[in-house]
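Colleague: Give me a 3D structure for the following:
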Amino acid sequence: YKFEITVGMPPGADGARSREDDDGTKDIVLRASSEFQGVLLGLRQGSLVEFSTILEGRLGSKWPVFELKAISCLNCLAQLAPARRHVKAEHDWRSTVHGATKFAFDFFFFPFLSAA
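Modeller: Below is the predicted model:
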């Protein structure tokens, strides 16, 4: 699944909302993969979240789109299990290719040479 959620700023410290606070152009769109399914389905309107992202859409566009990298719910009743903060698993292709190349080199040339 792919998820897309719209996030806005919470009201000010005094709790009053102005006309600017209801402006939809100040909201941002977060796109998330299925790794965040459990967390996102547990959110409700008004949930306070902390997140980190990478800009996915065009820089300077009216409605920027961000790819979600980590999220934590600050006021959810059922805390996230097993950890409060859910982080997207990143695949490190460079180290995987390096390890495979090293293995192949050592497999064929072990008696004579070894890769460090």
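Colleague: Now do the contacts for the nearest residue to Pro10 once chain neighbours are set aside.
Modeller: Excluding its sequence neighbours, the residue lying closest to Pro10 (Cβ to Cβ, 6 or more residues apart in numbering) is Leu48, at 6.3 Å. For the C-beta atoms, the positions are set from N, CA and C on the backbone; glycine is no exception. Residues counted as contacts of Leu48 (Cβ atoms under 8 Å, 6 or more residues apart in numbering) are 10, 73-75.
Colleague: Show me which of the residues you listed are buried.
Modeller: By neighbour count, with 16 or more other Cβ atoms under 10 Å, the contacts of Leu48 hold Cys73 as buried.
Colleague: tell me the least confident of the contacts of Leu48?
Modeller: Lowest pLDDT within the contacts of Leu48 is found at Pro10 (70).
Colleague: Confirm that that one sits in a helix.
Modeller: No - assignment of Pro10 by DSSP: H, G, I helix; E, B strand; the rest coil gives coil, placing it outside any helix.
Colleague: What separation do you get for it and Ser47?
Modeller: According to Cβ to Cβ, to the nearest Å, Pro10 and Ser47 sit 10 Å apart.
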